[in-house]
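K.L.:
Predicted model follows, preceded by the sequence.
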Amino acid sequence: MTGYALEVRDLRVTLSGKRILDGVSFRCPEATVTAVMGPSGTGKSTMLRAINRLLDLNPEAIVEGDILIHGRSVWEMEPYEVRRRATMVFQDPNPFPHMSIYDNVAVGPRLHGLARSKRELDEIVRWALERAMLWDEVKDRLGDPPSKLSGGQRQRLSLARALAVKPEILLLDEPTANVDPVNAVKIEEAIRSLVREEGITVVFVTHMPSQAVRVSDYLVFLYDGHVVEQGPSREVALNPSNPLTEKFFRGEL
Amino acid sequence: MPRSLRARKLENAVGLAVIVALAIASVLPLIHILYMVIVRGVEAIARIGLYRFLTEPPHPFDPQNPGGIGPALVGSLELSGLAIAVATLIALPASVLIAEFRGSRISRGTLLLALTLVEFPTILVGLTVYAVLVDHVVGGYNMLAGAVALTLVILPYMAVQASEALRGVPEGVREAAYSLGATRLKTVYALIAPAARRGILVGILIGLARAAGETAPLLFTVGGAYEGYHLCLYKVGGAVPLMIYQFIQMPYKPAQDLAWGAALVLMTIIVGVMLLARLLVKEVKIL
């Protein structure tokens, strides 16, 4: 065992003939938040989709390099196993529109047979919704469709749905980009407490330097498909060694 | 020099009038069809009463008691019911193949085949089924051949429609579904297909309307027998559109009236199914 929840080694991704990631390597210690930042279009989202093998579904994608989850290569696992161990929350809130709030969270545990009884399922749903800081707002209307929730609530519902399958790693693709500030703070808090109390490892993609510093333990700065700089968040933020990183923190990139 | 406001207003009015006139001209044939079918159909049905018209067998040579379309109606229900059931069972997996395994050779092949068959002349489908099932296997007109022909006619249409519905599921929902870590088939059947269920249902309804309205595939498969109720699958039977086709050509007034009445019933059924489909489409809500 390596002590790292996630290791990305020399990851190279080509999409429709275009090289998106060109040799990306970094490691995430267990129960930490790693923020991946960089300007739009540097391949941050593509990287997350490579990690949980969502890119497998895209016939135009070629992925090379290695990705290890707790020391085991994702190429040795079935894609669905990888996706279950590293679930993802996307930039746009995307709860299943045809399911109730309850079912949105319960569907993952049901698919994986995580609960042996209705009561156990109820408990998982409650736990996930509490963890996503949504329980108090929806506990009396779990049967409602997600269309009755606000955008920020929907995003927290998406987070709860991802948590309910009990992942080891949570991949967050700019989860607060389309959410109001109040909800963004709630999501950030939820993530911090998940790492602290549940030992989940988080990879958090963001293009906002301030958020990256606020939320993360480690920073990976991605530019044009390369890792330009990485290290403990404070160090990188206070003392960036690469001029590109500095420019990004000043908001000039 | 700018043209005067009056000239531009006049031009606008003329343009608008032309568009309205063309629009009316384009729906005029439809209105005429509706009008003819309703007037002549109501006349025919009123003579005997709606209930008797829908349940009694026809007497095409008896002006005193022309009878109704009961056997044809039951035959149509049997044929369309069978066709829609079988076609749905085959079309759904095919649509999953087309929509969810995009890029693979088998997916592209299935789509190409379906798209070709959609435009295939239905009379050829009837002819093929005739050659196999009527001529060879059973040795006479039979309902099974009709049901098979109808299935083949609506199947490609339903597969394409359902695959469109699946592809209409927003990319975000699709990614979220896959990222929950279920196997590909489980993901499609438990998460993606339910998200597209209205679109799929619309496809089934339109398939049903088509199965109920098609005539060509039935011409030399079911044969046409209307005296009594023929439910037996390997014997000759009847259907509403086929009855219209056959009765309108008879040189007897009661037969022609029966055809018009049957046309009204068929139109009502199909318009009803289409309206239901429309309602479903309207209610499709995406967050």
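P.N.:
Here it is on my side, so go on.

K.L.:
what's the pLDDT at residue 95?
P.N.:
Here I'm looking at chain A. We note a pLDDT of 93 for A:P95 in this prediction.

K.L.:
Wait, chain B was what I had in mind.
P.N.:
94.

K.L.:
Pretty sure B:Y157 is one of the things it touches, is it not?
P.N.:
No. In this structure B:S95 lies outside contact range of B:Y157 using C-beta atoms under 8 Å: 11.0 Å. The C-beta positions use only the backbone N, C-alpha and C, and glycine is treated the same way.

K.L.:
Close to chain A: what parts of the stretch 51-200 of chain B are there?
P.N.:
Taking C-beta under 8 Å from any C-beta of the partner chain as the measure of proximity, the stretch 51-200 of chain B contacts chain A at B:102-104, B:170, B:172-173, B:175-184, B:186-187, B:190-191, B:194-195, B:197.

K.L.:
Now for the closest residue to chain B within the stretch 1-150 of chain A, how many residues are close by?
P.N.:
The stretch 1-150 of chain A approaches chain B most closely through A:R84 (2.6 Å), counting by C-beta to the nearest C-beta. By the measure other C-beta atoms under 10 Å in any protein chain shown, the count of residues near A:R84 is 22.

K.L.:
Over to A:S210?
P.N.:
Going by other C-beta under 10 Å, the residues that sit close to A:S210 add up to 11.

K.L.:
ditto for the one 10 residues further on
P.N.:
Using other C-beta under 10 Å, A:V220 is surrounded by 27 other residues.

K.L.:
what about it, which helix or strand?
P.N.:
Secondary structure assigned from DSSP states H and E places A:V220 in strand A:218-223.

K.L.:
Run the chain-centre distance for that strand.
P.N.:
Here strand A:218-223 is found 15 Å from its chain centre; the criterion is C-alpha atoms, centre = their mean, to the nearest Å.

K.L.:
Check which helices and strands it is in contact with.
P.N.:
In terms of contacts (3 or more C-beta pairs under 8 Å, 6 or more residues apart in numbering or on different chains; DSSP states H and E), strand A:218-223 is packed against strand A:18-29, strand A:33-37, strand A:226-232, helix A:233-238, helix A:243-249.

K.L.:
Give me the buried subset of the residues of the stretch 51-200 of chain B next to chain A.
P.N.:
B:172-173, B:175-182, B:184, B:187, B:190-191, B:194-195 (16 or more other C-beta atoms under 10 Å in any protein chain shown).

K.L.:
sorry, back to before: test my guess that the residue of the stretch 1-150 of chain A closest to chain B contacts A:V165.
P.N.:
Yes. Applying C-beta under 8 Å, one finds A:R84 in contact with A:V165, separated by 5.5 Å.

K.L.:
Find residues that contact each of those two.
P.N.:
With contacts taken as C-beta atoms under 8 Å, 6 or more residues apart in numbering or on different chains, the residues that reach both A:R84 and A:V165 are A:H112, B:L180, B:G181.

K.L.:
mind listing which of the residues you listed are in helices?
P.N.:
Cross-referencing these with the helices (criterion: DSSP state H) gives A:H112 as the overlap.

K.L.:
Can you tell me which of the shared contacts of A:R84 and A:V165 is nearest B:I248?
P.N.:
B:L180 (57.2 Å; C-beta to C-beta).
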